[in-house]
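Enquirer: Take this sequence and fold it.
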Amino acid sequence: MKSSIRFKLSFMMFLEFFVWGGWFVTLATYLISNLQANDAQISSAFSTQCFGAIIAPFIIGLIADRYFNAERILGILHIAGALLMFKMYTATDFAGFYPYVFVYMILYMPTLALVNSVSFNQMTNPEKDFGNIRVWGTLGWIVAGLLISYAFHWDNETSLKEGLMKNTFLMTAIASLALGLFSFALPKTPPKAKKGEKVSIREVLGLDALKLLKDRNYLIFFVSSVLICVPLAFYYQYANTFLSEIGLANPTGKMTFGQMSEVLFMLLLPVFFTKFGLKKTLILAMAAWVIRYLCFAYGNAGELSFMLIIGIALHGACYDFFFVTGQIYTDNKAGEKHKSAAQGLITLATYGVGMLVGFYIAGVISEMYKSQGGDTAQIWQHIWTFPAIIAFIVMALFAIFFKTEKKLPVEKIS
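Expert: As a prediction, this is how the structure comes out:
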């Protein structure tokens, strides 16, 4: 790959995830401090990601793959996204904010597939090259968090009282506009499907892969993947707000430890996979979820702040060891014919249905404990204990019912 193309793809990934990390991490904190949103409203705002994940296959499968170059659609979606971000920046109440975030996530979620399409189209050896390009997305997310906490200080107590958290949307709008314009300079990525070629809704949604669920082991994994999204939703929805409310300094910056650990655990994944195999690696991931939420439940911003840092840093083990391993397992089970359909189905089920249910439950649990009143630390202890219990139950059921399989080829994750 030419160095100029490598730079363009890396910069594209950097901005793609800078845009996401620049507002999504602090969304709940913003909604509470700026718009005085309640838990039901916070849940509905986060659920827009799920609707975006459900609708994204239609945009990609029915439009992007058939009629237009991927880089052009990417540019148009991000320019439109910049305008929506600016409208979110100017919103004064939740009723005025929600329609914009809803439309924004429907436009943003397809871009995750589009940046991959643009990248893969330039690679002769994706297994070797993609990781080196994709890591710039993780760096973009990290830089966004560091800027919010350490450069602009938008998440400290004084800034929150002054309503400065809304500036995250202005920063993201500028980055989204930059990516939108830059996208038109990306390598040409023409439509995959031939003109006139018919495609069914079943193919777009990956429903052809439903036959995989006839395999008992894969069915158990599939159900576990959906259920583990409930604890995951708690983290996305409330981690930043929790860290802010209990007084941890620079919470958004410290949350970037989670993305830093992603890089580390991705490197460790082949080692764990070789030593422990598929089942034990997945169980280790779910155990990490349990430990993370217990750390949040019993840690504090004082002498036990190290527990909070451990909980954040376990994000790499939680995500890489479960979801990345699961993607590899799905790829292996699906076979050549249904690979794309299977990945589409598992994404729809987890980030669409699973997270949608998870965000709703997180809102209900949070509202229930907060309505009972009491000390802030005690309320959060009750809230975080709930996803810890769910993760433990999912882990136990998976350990009992999932039968050990042969190790998958390590080269798939190397």
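
Enquirer: how about S225, secondary structure?
Expert: S225 carries the three-state label helix when classified by DSSP: H, G, I helix; E, B strand; the rest coil.

Enquirer: Neighbours of A399, how many?
Expert: Number of residues near A399 (other CB atoms under 10 Å) recorded here: 14. Every residue, glycine included, has its C-beta placed from N, CA and C.

Enquirer: do the same with the one 5 residues further on
Expert: Residue crowding around T404 was assessed by other CB under 10 Å; the count is 10.

Enquirer: for K403, what are its contacts?
Expert: By CB atoms under 8 Å, 6 or more residues apart in numbering, the residues touching K403 are 216-217, 279.

Enquirer: Over to I55?
Expert: I55 touches 106, 109-110, counting by CB under 8 Å, 6+ apart.

Enquirer: If any of the contacts of K403 are buried, put those into a PyMOL selection.
Expert: Of those, the buried ones go into a single PyMOL selection, burial set by 16 or more other CB atoms under 10 Å:
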select buried, resi 217+279
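
Enquirer: Highest neighbour count among the contacts of I55?
Expert: Going by other CB under 10 Å, M109 tops the contacts of I55 with 26 neighbours.

Enquirer: Could you name the specific helix or strand carrying that residue?
Expert: Using DSSP states H and E, M109 falls within helix 94-120.

Enquirer: what packs against that helix?
Expert: Judged by 3 or more CB pairs under 8 Å, 6 or more residues apart in numbering; DSSP states H and E, helix 94-120 is in contact with helix 3-21, helix 27-35, helix 39-59, helix 70-90, helix 126-146.

Enquirer: counting contacts, what elements does the fourth one pack onto?
Expert: Read it as helix 70-90. So helix 70-90, by 3+ CB pairs under 8 Å, 6+ apart, packs with helix 94-120, helix 167-183.

Enquirer: how about the ones you listed in TSV, adding mean pLDDT and distance to A80?
Expert: Compiled in TSV, the helices and strands packed on helix 70-90 are given as follows (pLDDT from 0 to 100; distance: least, CB to CB, whole Å):
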stretch	mean pLDDT	distance to A80
helix 94-120	93	6
helix 167-183	98	8
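
Enquirer: can you redo these as TSV with distance to F323?
Expert: Putting the helices and strands packed on helix 70-90 into TSV (distance: least, CB to CB, whole Å) gives the following:
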stretch	distance to F323
helix 94-120	14
helix 167-183	24
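
Enquirer: what's the closest of the ones you listed to G374?
Expert: The minimum distance between G374 and the helices and strands packed on helix 70-90 falls on helix 94-120, with 25.5 Å, by CB to CB.

Enquirer: Give me the below-cutoff pLDDT ranges for the protein.
Expert: Within the chain, the stretches with pLDDT under 70 are 61-62, 64-65, 127, 192-206, 336-338, 340, 406-414.

Enquirer: how is it carved up into domains?
Expert: Annotated domains of the chain cover 1-188, 203-414 [automatic domain parsing].

Enquirer: any idea how far the nearest residue to V143 once chain neighbours are set aside is from L84?
Expert: Of all residues not flanking V143 in the chain, F18 sits nearest, at 6.2 Å (CB to CB, 6 or more residues apart in numbering). Applying CB to CB, to the nearest Å, the value for F18 to L84 is 17 Å.

Enquirer: ok, those two, which is more surrounded?
Expert: Between F18 and L84, counted using other CB under 10 Å, F18 has the larger neighbour count: 25 against 22.

Enquirer: list the contacts for the more buried one?
Expert: F18 touches 140-141, 143-144, 175, counting by CB under 8 Å, 6+ apart.

Enquirer: Would you mind listing the two of these that lie farthest apart?
Expert: Among the contacts of F18, W141 and A175 lie farthest apart (CB to CB), at 11.7 Å.
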